[in-house]
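**Q** Structure here, sequence nowhere to be found:
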């Protein structure tokens, strides 16, 4: 059974675009990445899956249940971490965590204590006095403490320092190994590359690519870095050119013979050809989409 399945899922805000004809499948037990810049439609997708907003068209199921008809049952199996969090003023951390557990009719005190310790979160502090990063930790514990079957995380690492980010991902990988499905929405591509097995790239409310992270990384483009003197002229297939004092670096997806001919005519001292990282691949897909529209 799929943890998440959408069919032509669409959401408009009046005449403004949210998401359009979104077809997406996330299998149970996956660590799935949802990639896109701000405004691409990531949060709209998540809020629609949670039943927080109603779709304009299409359909979606979570664990085989319809998001419109079975919202209560779906939410009982989900842990949700929004990109921004807000709490009732005057409450202590421990009170927020207890309220969250009570809303699910579960005693989560033992797991909450473990998570607070690992994330270095003081449950006796008032939420009003917490930094942005510590407020994010409170939201993380609320999302994880009831041991959900599906974690939906929307830009989850904002405000966390590098040590806490490492601990957070350690926790997520432990949960994933135990069978928890993780739907991880982010515009920080290195997080997707290090942790996800599959990912979808979304642009202007539409999915433009969906595959394993390894497969998404295998484009025809290569990162070329040339040291010395070279005149690239009108050589086709060059993107993201970066000129330096004694070198030039660029993504290349053109005719390799044309490039080799140009290199042979030049005075170069060093040359490297490497696979692009996911940040560069992301730009490759976006630029490729622009060329077809």
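**A** That came through, no problem. Predicted model only: the values in this text are computed from it and were never measured.
**Q** now stretch 145-158, how far from the chain's geometric center?
**A** Offset of stretch 145-158 from its chain centre (CA atoms, centre = their mean, to the nearest Å): 12 Å.
**Q** Check stretch 74-87 too.
**A** 16 Å.
**Q** Ok, stretch 223-238 next?
**A** 33 Å.
**Q** That one: which residues count as buried?
**A** 223, 224, 226, 230, 232, 235, 238 (16 or more other CB atoms under 10 Å). Just so you know, the C-beta spots here come from the backbone N, C-alpha and C atoms, and that holds for glycine as well.
**Q** again with stretch 114-124
**A** 115, 116, 118, 119, 121, 123.
**Q** quick revisit: out of the buried residues of stretch 223-238, which comes closest to residue 253?
**A** residue 238 (8.4 Å; CB to CB).
**Q** what pairs with the closest one across the strands?
**A** residue 252 (DSSP bridges).
**Q** Does it touch residue 252 like I think?
**A** Yes: between residue 238 and residue 252 there is a contact under CB atoms under 8 Å: 5.9 Å.
**Q** still on that earlier bit, the buried residues of stretch 223-238 into a markdown table, with extra columns for pLDDT, secondary structure and distance to residue 89?
**A** Below are the buried residues of stretch 223-238 laid out as a markdown table (pLDDT from 0 to 100; DSSP: H, G, I helix; E, B strand; the rest coil; distance: CB to CB, whole Å):
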| residue | pLDDT | secondary structure | distance to residue 89 |
| --- | --- | --- | --- |
| 223 | 86 | strand | 50 |
| 224 | 91 | strand | 55 |
| 226 | 93 | strand | 58 |
| 230 | 88 | coil | 62 |
| 232 | 88 | coil | 59 |
| 235 | 89 | coil | 60 |
| 238 | 87 | strand | 55 |
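**Q** Pull the most distant pair out of the buried residues of stretch 114-124.
**A** Farthest pair in the buried residues of stretch 114-124, by CB to CB: 118 and 123, 12.7 Å.
**Q** what's the helix or strand that residue 48 is a member of packed up against?
**A** Using DSSP states H and E, residue 48 falls within helix 42-49. Contacts defined by 3 or more CB pairs under 8 Å, 6 or more residues apart in numbering; DSSP states H and E place helix 42-49 against strand 2-13, strand 16-27, strand 57-62, strand 150-154, strand 181-186.
**Q** For it, which outside residues touch it?
**A** The contact list for helix 42-49 (CB atoms under 8 Å, 6 or more residues apart in numbering) reads 4, 6, 9, 11, 18-19, 22, 24, 34, 36, 53-55, 60, 62, 67, 80, 83, 152, 154-155, 183, 185, 187, 202, 205.
**Q** Please work out the angle formed by the directions of that helix and strand 2-13.
**A** 110 degrees (axes from the mean of the first three to the mean of the last three CA atoms, to 10 degrees).
**Q** which among the contacts of helix 42-49 end up buried?
**A** 4, 6, 9, 11, 18-19, 22, 24, 34, 36, 55, 60, 62, 67, 80, 83, 152, 154-155, 183, 185, 187, 202, 205.
**Q** buried residues in stretch 189-200?
**A** 189, 191, 192, 193, 195, 196, 198, 199, 200.
**Q** Give the full set of residues in contact with the second one.
**A** By CB under 8 Å, 6+ apart, the contact list for residue 191 reads 33, 157, 169, 184.
**Q** Over to residue 140?
**A** 81, 115, 119, 156, 168.
**Q** Now tabulate the helices and strands packed on helix 42-49 in TSV and tack on mean pLDDT and distance to residue 134.
**A** Output for those, formatted as TSV (pLDDT from 0 to 100; distance: least, CB to CB, whole Å):
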stretch	mean pLDDT	distance to residue 134
strand 2-13	96	30
strand 16-27	96	30
strand 57-62	96	30
strand 150-154	97	18
strand 181-186	95	20
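**Q** Can you say which of the ones you listed is nearest to residue 270?
**A** Nearest of the helices and strands packed on helix 42-49 (CB to CB): strand 181-186, 34.8 Å.
**Q** and the closest one, what other elements does it pack with?
**A** strand 2-13, strand 16-27, strand 31-35, helix 42-49, strand 150-154, helix 162-177, helix 189-195.
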